[in-house]
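[1] dropping the sequence and predicted coords here.
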Amino acid sequence: MASANARSWLGWLLGLAALAAVVIVATHVSEPQEFARMVERAEPWWIGVALGLQAATYVALAQVWRATCATAQEPLPMRPAGVIALAKLFIDQTLPSGGISGSALLVGALERRGISRGTATSTVIVEQASYYFAYAGGLAVAVAIAVIEGRGGALVAVPSLVFIAVATGIGLALIAMARARHVPDVPGLRRFGRWLHATDRRLTGNRSLLATGTAWQLAVIALDGLTMWSLLRSVGAHPPIGGTFASFMLASLARSLSIMPAGLGVFEGVAVFELHQLAIPVTQALSATLLFRGVSYWLPMIPGFIASRRV
């Protein structure tokens, strides 16, 4: 346990060091006058738009769960679903475990709401599978945009295409294992195996439900991309929405492949680089990226903690 805690703290320290390095380099290549001009052109109300878009991501995620429960004829009201979404985000971010901790919280919270074990565990499978399908679709769109804009070199296209194939494969594997109710006897997957045994095949094999879940997950991704665009507008930039979405998804890919907790430092570095390729000044790209990390990661921590205590 002590060793695991030490590795966790080391990861956070390395992530913060990487973030500090990104900030130092970005500010070094910029001029102080640029920051002054950025403050003068700032439009704070766009930050309010960004906050609204981030709030909508929790609603969209909750709709995935509500659709699954509704299909099972076990309704889940929106308000408790939103509270669970906040709590799950907090748990996933503070206890990195590949989503297992957050999924365990989701199953427990649904059961305490009177949802049956079969429906609760099936909700996890539908959420996870639809997430991977949506992520693969969103990344495919991002790569297409990057290629059209002339930013789609082999360094971008190859890892993206590999990740698209892997994400799609994971989604299909989750559905196949849920229907077969079998998972390899691997120590880290034993709890997941117990969940699979309890799933309802009518839900995990429902193509219409999976399509609905994937659509809502795509909405989450789109809302995140629009959040980044809104924050760029807040610091005076006027970027194209398509190019911003591509930059955000490529930075998200780097975050997913990173060993740093939450991709700390890696996401920011790639985002600033990609946004700068859109002719956005480094000062604006860095400021918007740090604001995005703030509204999507740090700011929800307090309500997420409160929600986790309630759930």
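    In hand now; what should we look at?
[2] only C-alpha atoms from now on, for both contacts and neighbour counts.
    OK.
[3] so for the host helix or strand of Thr212, mean pLDDT?
    Using DSSP states H and E, Thr212 falls within helix 207-234. Averaging pLDDT along helix 207-234 yields 96.
[4] packing partners of the next helix-or-strand element following that helix?
    Using DSSP H and E, the next helix or strand after helix 207-234 towards the C-terminus is helix 241-257. Applying 3 or more Cα pairs under 8 Å, 6 or more residues apart in numbering; DSSP states H and E, one finds that helix 241-257 contacts helix 117-148, helix 154-180, helix 207-234, helix 266-276.
[5] just put those helices in JSON lines and tack on distance to Leu110 and mean neighbour count.
    Below are the helices and strands packed on helix 241-257 laid out as JSON lines (distance: least, Cα to Cα, whole Å; neighbours: other Cα atoms under 10 Å):
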{"stretch": "helix 117-148", "distance to Leu110": "6", "mean neighbour count": "23"}
{"stretch": "helix 154-180", "distance to Leu110": "19", "mean neighbour count": "17"}
{"stretch": "helix 207-234", "distance to Leu110": "17", "mean neighbour count": "22"}
{"stretch": "helix 266-276", "distance to Leu110": "32", "mean neighbour count": "24"}
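[6] Met249 is nearest to which of these?
    helix 117-148 (6.1 Å; Cα to Cα).
[7] who touches the closest residue to Leu253 other than its chain neighbours in this structure?
    Distance criterion Cα to Cα, 6 or more residues apart in numbering; nearest residue to Leu253, sequence neighbours excluded, is Ser160 at 7.5 Å. Neighbouring residues of Ser160 by Cα atoms under 8 Å, 6 or more residues apart in numbering: 139-140, 143, 250, 253.
[8] and the gap between Ser160 and Asp224?
    Between Ser160 and Asp224 the distance, using Cα to Cα, to the nearest Å, works out to 19 Å.
[9] same thing with Gln54?
    7 Å.
[10] same thing with Thr123?
    From Thr123 across to Asp224, the span is 23 Å (Cα to Cα).
[11] shaky segments in the stretch 1-150 of the chain?
    For the stretch 1-150 of the chain, the stretches with pLDDT under 70 are 1-42, 96-99.
[12] and if we set it to 80?
    Scanning the stretch 1-150 of the chain for pLDDT under 80 picks out the ranges 1-43, 93-100, 150.
[13] keeping just the C-alphas, turn the helix or strand containing Ala104 into CSV.
    Using DSSP H and E, Ala104 falls within helix 100-112. The C-alpha trace of helix 100-112 is given here as CSV (Å, rounded to 0.1, in the frame of the first residue of the first chain):
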residue,chain,number,x,y,z
ILE,A,100,-13.2,0.7,-12.0
SER,A,101,-13.6,2.8,-8.8
GLY,A,102,-16.1,5.1,-10.5
SER,A,103,-18.0,2.1,-12.0
ALA,A,104,-18.2,0.5,-8.5
LEU,A,105,-19.6,3.8,-7.2
LEU,A,106,-22.1,3.9,-10.0
VAL,A,107,-23.3,0.3,-9.4
GLY,A,108,-23.7,0.9,-5.6
ALA,A,109,-25.4,4.2,-6.1
LEU,A,110,-27.9,2.8,-8.6
GLU,A,111,-28.7,-0.2,-6.3
ARG,A,112,-29.3,2.2,-3.4
